[in-house]
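Chemist: Structure of the sequence below:
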Amino acid sequence: MQVVPRYEDLLRGSGVIFVQDSVQCIDPKAREVKLTSRTAYNYSNLVLALGSVTGYFGVEGAKEYALPFWTQADAIAIDRRLRDCLQQARETSDERQRRQLLTVAVIGAGPSEVEMAATLADLLPHWYEALGGNPREIRVVLLSHGKEVLEGDINSHLRSTAQIELIKRVIPVEFLLGAAATAIRPSEVEYKKDDRTATLPASTVIWTTGTPTHPLINQLPIHPQKRDRHGRPFVTPTMQLLDFSDVFAGGDCAAVKDNSLPPTAQVAYQQGAAIAHNLMAQALGRELQPAQVNLRGTLLKLGLEAAAANIYDKFELDGELGHLIRQGTYLELLPIPVHNFKATTEWLREEIFHQHADTEPTGKTAVRAMQIAGGVTIGVLAARKILQMLGDNERQRSH
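Modeler: Modelled structure (predicted):
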């Protein structure tokens, strides 16, 4: 809960009014936002930060039977499904049904899918063993139409590291590449590979691939020539819509013309800071500044205690040190210090007590606790250095 804190907690004492509702439509000509509750708000400035939505590409049954992974509710649903399947598998004597229950198919081979598969390949064997099952019966299959892992992605240079780490998990992740999913059913995935149709029995199918533009963005009165090939509207360097200067947009809701940027969190994070700066400048009658986005590298989670960190494309760290760098960076980017502290203490408690206290003597646990605490410190300090370097670069460019 610390990494997804409630808006009320984040905004307490800030003077910001939080309204929880769904947007029905946006009318930039009338400067109006209409909500499903029939409430309407007029604005002097509007910020579009809707992100993207899950895209199923017309695959039969995908929306009905695959589990998306975008929200906290999605994570809870996946957790519930996995635990139910493990419990059912432990109780059945039918070997075929047990194999199906213990098989998880992850559709796609981009960064989200790789991270999901790696984490489950470490986590599920422990869960099943705790129920008295054989952890070696667990299968995690990465199924993708692409021929390679991380194909065409900003993380593609980490492909070799990712593939090595995926097969080093508690149970090795299986690759089914060059296979396009054609249908998702309650107990199987149908796919086409080498012009042949086959099926993979699996009770859990996780779908995180595809990021179509949000329908509300598609509905904006913006000419197709002022959108990119994904339908995202072009914005000025100051992050304003071309036809509506009172509307700012960033992340997956916008495209900066002649400046191709990957749809990643670090880009949206920096664009959000630039929009906030320009809103303040506009209110004070000052000149707006173009958003300066610096790609600081990539962080890829590759299991419970492993990750790959590529820093400014200058050096790469993997394994446990990469994991600590990644954790430290995410802790540094949490919105307010209190959540940073709470998330850190919860992480330490999880690492020390859940993973070690029940299996190791007290002395070893104490040593491990000190190692983890030291590792957290290293990760946070490294993350701070990264962010400091980023800040220095931004200041130099602004001058």
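
Chemist: Please make it C-alpha for all contacts and neighbour counts, starting now.
Modeler: Fine.

Chemist: Show me where the stretch 251-399 of the chain dips below the pLDDT cut-off.
Modeler: Judged by pLDDT under 70, the stretch 251-399 of the chain has its weakly predicted residues at 296-297, 309-399.

Chemist: Pull up the gap between Ile107 and Gln282, please.
Modeler: In this structure, Ile107 and Gln282 are separated by 44 Å, where distance is defined by C-alpha to C-alpha, to the nearest Å.

Chemist: of those two, who's got more company?
Modeler: In terms of neighbours (other C-alpha atoms under 10 Å), Ile107 is the more surrounded of Ile107 and Gln282; the figures are 25 against 14.

Chemist: and the more buried one, what does it touch?
Modeler: 113, 142-144, 181, 205-209 (C-alpha atoms under 8 Å, 6 or more residues apart in numbering).

Chemist: Show me where the stretch 1-150 of the chain has its strands.
Modeler: 23-27, 32-35, 40-42, 46-48, 67-68, 103-107, 139-144 (DSSP state E, counting those that start in this stretch).

Chemist: Mind checking the ones you listed for the one nearest to Leu295?
Modeler: Between Leu295 and those, the shortest separation by C-alpha to C-alpha is 21.9 Å, and it involves strand 46-48.

Chemist: Who are the packing partners of the closest one?
Modeler: Applying 3 or more C-alpha pairs under 8 Å, 6 or more residues apart in numbering; DSSP states H and E, one finds that strand 46-48 makes contact with strand 247-249.

Chemist: List the contacts of stretch 147-159.
Modeler: Under C-alpha under 8 Å, 6+ apart, the answer for stretch 147-159 is 109-111, 114, 163, 177-178, 262, 298, 300, 308.

Chemist: hang on, the earlier thing: now the strands of the stretch 1-150 of the chain in a markdown table, with distance to Arg90 and mean pLDDT?
Modeler: Compiled in a markdown table, the strands of the stretch 1-150 of the chain are given as follows (distance: least, C-alpha to C-alpha, whole Å; pLDDT from 0 to 100):
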| stretch | distance to Arg90 | mean pLDDT |
| --- | --- | --- |
| strand 23-27 | 44 | 96 |
| strand 32-35 | 47 | 97 |
| strand 40-42 | 53 | 96 |
| strand 46-48 | 47 | 98 |
| strand 67-68 | 22 | 94 |
| strand 103-107 | 13 | 98 |
| strand 139-144 | 15 | 97 |
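
Chemist: out of the ones you listed, deepest packed?
Modeler: Among the strands of the stretch 1-150 of the chain, strand 103-107 has the highest mean neighbour count (mean count of other C-alpha atoms under 10 Å), at a mean of 25.

Chemist: List the strands paired with that one, with their directions.
Modeler: If you go by DSSP bridges, strand 103-107 pairs up with strand 139-144 (parallel), strand 204-207 (parallel).

Chemist: Including distance to Tyr43, could the ones you listed go into JSON lines?
Modeler: Listed next are the strands paired with strand 103-107 as JSON lines, based on distance: least, C-alpha to C-alpha, whole Å:
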{"stretch": "strand 139-144", "distance to Tyr43": "44"}
{"stretch": "strand 204-207", "distance to Tyr43": "37"}
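
Chemist: quick one, which of these is nearest to Gly55?
Modeler: Set against Gly55 and scored by C-alpha to C-alpha, the strands paired with strand 103-107 come closest in strand 204-207, at 9.1 Å.

Chemist: Okay, buried residues for that closest one please.
Modeler: Going by neighbour count (16 or more other C-alpha atoms under 10 Å), the buried part of strand 204-207 is 204-207.

Chemist: Please point out which parts of the helix or strand following that strand sit buried.
Modeler: For strand 204-207, the succeeding helix or strand toward the C-terminus, using DSSP states H and E, is helix 215-218. Taking 16+ other C-alpha under 10 Å as the basis for neighbour counts, the residues of helix 215-218 that come out buried are 217-218.

Chemist: Now restrict the contacts of stretch 147-159 to buried residues only.
Modeler: Judged by neighbour count, with 16+ other C-alpha under 10 Å as the criterion, the buried members of the contacts of stretch 147-159 are 109-111, 114, 163, 177-178, 298, 300, 308.

Chemist: ok so, going back, and Asn218, which of the strands of the stretch 1-150 of the chain is closest to it?
Modeler: Nearest to Asn218 among the strands of the stretch 1-150 of the chain is strand 23-27; the distance by C-alpha to C-alpha comes to 10.6 Å.

Chemist: Run me through the strand neighbours of the closest one, direction for each.
Modeler: Strand 23-27 has its sheet partners listed here by DSSP bridges as strand 32-35 (antiparallel).

Chemist: From the rest of the structure, what touches the partner strand?
Modeler: Residues from elsewhere that reach strand 32-35 (C-alpha under 8 Å, 6+ apart): 21-27, 40-43.

Chemist: Might you calculate how far that strand sits from the centre of the chain?
Modeler: Averaging C-alpha coordinates over strand 32-35 and over its chain gives two centres that are 28 Å apart (C-alpha atoms, centre = their mean, to the nearest Å).

Chemist: Show the contacting residues for Ile206.
Modeler: For Ile206, the set of contacting residues under the criterion of C-alpha under 8 Å, 6+ apart consists of 66-69, 78, 104-107.
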